[in-house]
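Participant: here is the input, now give the coordinates:
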Amino acid sequence: MEQALDFRTIVETHQEKVRNTCFRFLKNPEDADDVAQEVFIQVYESLSRFREEAEISTWVYRIAVNKSLDFLRKKKRKKRFAQLTSLFGFNEEREEITLPIPGDPQQDMEQKEHKQALDSALEKLPKNQRTVITLSKYEGFKNKEIAAMTGLSLSAVEALMHRAKKNLHSLLYDYYKKMV
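Facilitator: Below is the predicted model of the structure:
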């Protein structure tokens, strides 16, 4: 019963941040919910083996990051397979429907374009740079926390962060230069 109570506390304390972390990587609320659920299943199954060498939150978010990255790898493999099957006519085309967003249409369109440019630039970053920049800038973790979550040294996280910012600047420079 003690473990169940601890698990319930862990879920209640961390579920929103875990879901947000997963969402930042997956960019899809349903996928984020599914992966967050997998995170807590693994937490439950592994709780008895947790050695308290790190903070429980660090351990939980490390699982969230790893599960999110695993999901993306699997999705990429499925996408490649789907492309192959579509070449041979085994797939049907699906149309995506987008709902109108209330507000100033011009401003909404510009914000959407900026977000798409940033998301596109983030996708072009190497995985380790994308991971540290996402955890820092979107999730608000400090470099020391990111180091603990990813298993990297603090100096490695700082170096990755520096390279990620530099690469994002390069990737976005031309896009924003056109806007001036």
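Participant: name the nearest residue to Leu171, sequence neighbours excluded.
Facilitator: Spatial nearest neighbour of Leu171, excluding adjacent residues (Cβ to Cβ, 6 or more residues apart in numbering): Ala121 at 3.9 Å. (Glycine included, C-beta is placed from N, CA and C.)
Participant: is it correct that that neighbour is in contact with Leu168?
Facilitator: Yes. With contact defined as Cβ atoms under 8 Å, Ala121 reaches Leu168; the gap is 5.4 Å.
Participant: so who does the residue nearest to Leu171 touch?
Facilitator: 168, 171-172, 175 (Cβ atoms under 8 Å, 6 or more residues apart in numbering).
Participant: those residues in helices, which ones?
Facilitator: 168, 171-172, 175 (DSSP state H).
Participant: can you select the buried ones among these for me in ChimeraX?
Facilitator: Applying 16 or more other Cβ atoms under 10 Å to the ones in helices among the contacts of Ala121, the buried members can be selected in ChimeraX as follows:
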select :168,171,172
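Participant: max pairwise distance over the ones in helices among the contacts of Ala121: which two?
Facilitator: Spanning the widest gap among these are Leu168 and Tyr175, at 10.7 Å by Cβ to Cβ.
Participant: ok, the ones in helices among the contacts of Ala121 vs Pro105, which is closest?
Facilitator: Ranked by distance to Pro105 (Cβ to Cβ), the ones in helices among the contacts of Ala121 are led by Tyr175 at 20.9 Å.
Participant: just give the nearest non-adjacent residue to that closest one, would you?
Facilitator: Spatially, and ignoring its direct neighbours in sequence, Tyr175 is nearest to Ala117 (4.9 Å; Cβ to Cβ, 6+ apart).
Participant: closest to Ile56 out of the contacts of Ala121?
Facilitator: Checking the contacts of Ala121 against Ile56 by Cβ to Cβ gives Leu168 as the nearest, at 31.8 Å.
Participant: my read: that closest one touches Thr134, true?
Facilitator: No. Under the criterion of Cβ under 8 Å, Leu168 is not in contact with Thr134, lying 11.5 Å apart.
Participant: which residues do those two both contact?
Facilitator: With Cβ under 8 Å, 6+ apart, Leu168 and Thr134 have common neighbours Leu122.
Participant: so for stretch 135-151, what's the average pLDDT?
Facilitator: What stretch 135-151 shows for mean pLDDT is 86.
Participant: buried residues in the helix or strand containing Ala121?
Facilitator: Following DSSP states H and E, one finds Ala121 within helix 105-124. Across helix 105-124, burial judged by 16+ other Cβ under 10 Å covers 117, 121-122.
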